[in-house]
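Peer 1: Fold the following, please.
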Amino acid sequence: MAGAGHPTTTEIIMSEPEIGVSIEGHVATVELRRPPNNFLDVELIGELATALETLDRDNNVRAVVLAAAGKHFCAGANLKKRVDDEAAGKKQVAQPRHLYHEAQRLVLTKKPIIAAVQGSAIGAGLGLALVADFRVTCKEARLAANFAAMGYHPGFGMTVTLPRLVGHQTAKWLFLTGKRIPGDEAVAMGLADRLVAQEDVRKVAQEMAAELAKCGPLAVQATRETLNGDLFAAFRAATEREAFIQMMLRETNDFKEGVKAGFDRRDPVFTGS
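Peer 2: Residues are numbered from 1 along each chain as shown. So this is what the prediction gives:
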């Protein structure tokens, strides 16, 4: 990695090709590389957590930009594949790690993160964007906590992170309706921080990160930790409950109908069963 006094650009080759990391000056850019949707799963979030933990140990890096290749920032988990596999009689392989345990590692990292949301951030993809300290977006982006619209329960710690940003009532409305919010509305309600042209989203996020990197890194990290307060404890408790309720709802007809309707681009017909 580049030394503290050398603002060169360094590309870090990760052990997994779906996470890219580059460093310019004191700013690291971590890129999801599963275009166009950047669907997340336990492996991808684990690799992302490992990348951020590695950057935590690099004293040259003072701020991180979380970006994504392709059309969407992150379209969440590929729930349709899960439903289709179950319908085809394919047995789900038990994972040694849970997605939300890996997500907890993200919240424990020390350096400020700015998410460059150039496209859709949906479901758990929005949850990933909310792990960041700041979000840069554009009018073309669509942000949605669309869980209930699919007969599902919110996850990725969003029952904690979303109300902290937009307030209890607004979060409740977004959760219970699953409404998709364009980037300008997201900024207006506090869901995102900066609205720029779509082609400038990553560049502006990197400029913001560079501004953070001008301040004393130990002071920035300590202040961030103070402001976050009990975030990790609340996030951990939330993900444990979310995972439990999601496990139950995955067995319902409404969940299967909701996921299918979403991918068929039609209104679901829920039966409460």
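Peer 1: Might you list the low-confidence residue ranges for the stretch 51-200 of the chain?
Peer 2: Counting by pLDDT under 70, the stretch 51-200 of the chain has low-confidence residues at 80-96.
Peer 1: Do a quick rundown of the strands in it.
Peer 2: 63-68, 113-117, 121-122, 134-137, 142-144, 181-182, 194-195 (DSSP state E, counting those that start in this stretch).
Peer 1: Identify all contacting residues around stretch 220-238.
Peer 2: Outside stretch 220-238, the residues within contact range by Cβ atoms under 8 Å, 6 or more residues apart in numbering are 62-63, 103-104, 107-108, 110-112, 133, 157-161, 164, 212. Every C-beta, even on glycine, is put in place using the N, C-alpha and C of the backbone.
Peer 1: before we move on, what about stretch 162-170?
Peer 2: Contacts made with stretch 162-170 from outside it, assessed by Cβ under 8 Å, 6+ apart, are listed as Leu126, Leu130, Ala145, Pro154, Ala171, Lys172, Leu174, Phe175, Met189, Gly190, Leu191, Leu231.
Peer 1: end to end, how far does it reach?
Peer 2: Stretch 162-170 has an end-to-end distance of 9 Å (criterion: Cα to Cα, to the nearest Å).
Peer 1: One more: stretch 172-192?
Peer 2: In terms of Cα to Cα, the two terminal residues of stretch 172-192 are separated by 17 Å.
Peer 1: begin at 2 from here
Peer 2: I'll keep to 2 as the first residue from here, and by that count the last item is stretch 173-193.
Peer 1: Distance from that stretch to the middle of the chain?
Peer 2: Centre-to-centre, stretch 173-193 and its host chain are 15 Å apart (Cα atoms, centre = their mean, to the nearest Å).
Peer 1: Grab the nearest non-local neighbour of Asn254.
Peer 2: When the adjacent residues along the chain are set aside, Asn254 lies closest to Ser274, with 4.9 Å between them (Cβ to Cβ, 6 or more residues apart in numbering).
Peer 1: can you pull the pLDDT of the one you found?
Peer 2: Ser274 is assigned a pLDDT of 96 by the prediction.
Peer 1: Looks like Leu131 contacts Val161 (just checking).
Peer 2: No: between Leu131 and Val161 there is no contact under Cβ atoms under 8 Å: 9.1 Å.
Peer 1: residue contacts, the closest residue to Arg195 other than its chain neighbours?
Peer 2: Of all residues not flanking Arg195 in the chain, Val137 sits nearest, at 4.5 Å (Cβ to Cβ, 6+ apart). The neighbours of Val137, taking Cβ under 8 Å, 6+ apart as the test, are Ile115, Ala116, Ala117, Val118, Ala193, Asp194, Arg195, Val197, Val202, Val205, Ala206, Met209.
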